[in-house]
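[1] okay, predicted coordinates and the sequence, questions at the end:
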Amino acid sequence: MIVYSLFDTIPHDPNTILTVGTFDGVHKGHQQIITSMNELKKSKSNARTVVVTFEPHPQLIVQRPDKPPISLLTDISERLQLLESYGVDMVVIIPFTKEFSQIGSDEFIKTFIHERIGCSDIFIGYDHGFGKSREGDAQTLHALSSELGFKVHQIHAMLIDSTTISSTEIRSALKHGYLQQAFELLGHPYFVEGMVIHGDQRGRTIGYPTANVQAANPAKLLPKNGVYFVSSDIQGKTVYGMANIGTRPTVNNLDDIRLEVHFFDLDEDLYHQQIVIWFLKYIRDEQQFASLEALQNQLYKDEQYCREIIATFHFSDSQS
C-alpha cells in the first residue's frame with residue numbers, strides 16, 4: 001500500500017475507485033465499502049483503490065457543539081495498518097486544519113479529488129457528509145458526477161442485532177466494557193498501540209511486574225476501567241497476560257488513568273519498545289482492596305482464570 005500526503009505529488013489516474021472518510025476504527029461498515037471497491041476493481045482493467053482520509057481527526061480541530069470531545073478508536077498508524085490489511089492500494093492523508101475545514105464540498109471534489117487524484121467511481125457510506133460543515137452528501141456527488149465523469153456508489157447501513165455499525169456505537173461499547181459488542185462491530189478485537197514507559201515498579205514488590213503502556217496519541221480511547229485478558233505479539237510470539245486500566249486505588253489512587261500489563265511467562269526488558277495490546281476479554285471492575293496482600297490474592301485469582309482460558313480461547317469467545 002502506498003501512502004501520500006495530499007500535498008505530495010500524487011500520480012493522477014482517472015481510473016481510480018475512491019472513498020473519502022475518517023475511517024476511525026476501520027470497522028465492519030468501513031470494511032464493507034472497501035470490499036465493494038475491491039470487487040469493482042476486479043471488473044476493471046488497471047484500476048486502483050484509494051482511501052482519502054484525514055489527520056488529525058476533524059473533530060479534534062473543529063469541535064462540534066453537539067458532540068463531546070472525540071476519543072479515537074485508531075490513531076493514524078493503526079488506521080493505516082488496518083487499511084493495508086484489507087487490501088487498499090493507496091491512502092491519501094489530508095492534513096486537516098481549520099483553514100481546510102472551510103473548503104466547500106464542490107471545491108473539495110473538483111480540486112482535490114477530481115484534479116489532484118482522479119476518480120472513475122466514488123463510494124460513500126449511508127450517512128456520508130463532506131466539505132464545509134459537512135454540507136456535501138450523496139445528492140451533491142450525484143450532481144457533480146455527470147459534470148466530472150464519475151459514478152457514485154452508496155453503501156447502505158450495516159446492521160448487527162438491529163444496531164447500526166458506527167464508530168460512535170463502538171466507542172460507547174468500549175466505555176461500558178462491552179468487548180463482545182465492540183468486537184462484533186469492529187470485526188477484530190480492540191487494540192492499543194503504545195510505548196512501554198517507566199513506572200514506579202510497585203508491581204514487582206507483589207510479584208506482578210507490569211509494562212506501563214502509553215498510547216501514541218493522547219486522544220486514543222482506553223476501554224472502561226477494569227481488568228482485562230489481553231495478548232501481544234512480542235519478538236514474533238503471541239504472549240498472553242492481564243491488563244489493568246485505571247487509577248490503582250489500592251496503591252496510590254492516581255489522578256490519571258493508566259494502562260498496565262502483566263505478561264505471563266515473559267522475562268524481557270520491554271522499556272521503550274512499541275507494542276500492541278489486544279483486548280480479548282473483560283475480567284472485572286477495578287477495585288480498592290484493604291491491603292496489598294488482598295490485592296495480591298485477587299491478582300493470583302485473576303491470573304489463574306486467564307491461564308485456564310488461554311488454551312481454548314478464540315476471539316469470538318470474548319464476553320461483555
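    Received the coordinates, thanks.
[2] this structure: strands as residue ranges?
    2-5, 16-20, 48-55, 90-95, 121-124, 151-154, 159-160, 163-164, 190-197, 211-215, 226-234, 237-246, 258-263, 274-284 (DSSP state E).
[3] mind listing the strands the fifth one pairs with, and their directions?
    Strands that pair with strand 121-124, judged by DSSP bridges, come out as strand 16-20 (parallel), strand 151-154 (parallel).
[4] tell me the most buried of these?
    Greatest average neighbour count among the strands paired with strand 121-124 goes to strand 16-20 (a mean of 24), per mean count of other C-beta atoms under 10 Å. In this view, the C-beta of every residue, glycine as well, is placed from N, C-alpha and C.
[5] CA atoms only for that one - export them in CSV, please.
    Provided in CSV are the C-alpha atoms of strand 16-20 (Å, rounded to 0.1, in the frame of the first residue of the first chain):
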residue,chain,number,x,y,z
THR,A,16,-9.4,5.3,-9.7
ILE,A,17,-12.0,3.8,-7.3
LEU,A,18,-12.1,6.1,-4.4
THR,A,19,-13.7,6.7,-1.0
VAL,A,20,-13.4,9.6,1.5
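[6] contacts for that strand, please.
    33-34, 37, 40-41, 44, 47-53, 113, 117-124, 128, 130 (C-beta atoms under 8 Å, 6 or more residues apart in numbering).
[7] of the residues you listed, buried ones?
    33-34, 37, 40-41, 47-53, 113, 117-124, 128, 130 (16 or more other C-beta atoms under 10 Å).
[8] quick one, longest helix in this protein?
    Ordering each helix of the chain by length in residues (DSSP state H) puts helix 292-310 first.
[9] in that one, what's buried?
    By 16+ other C-beta under 10 Å, the buried positions in helix 292-310 come out as L295, L299, D302, E303, C306.
[10] equivalent analysis for stretch 269-278, please.
    For stretch 269-278, burial by neighbour count (16+ other C-beta under 10 Å) applies to L270, I275, V276, I277, W278.
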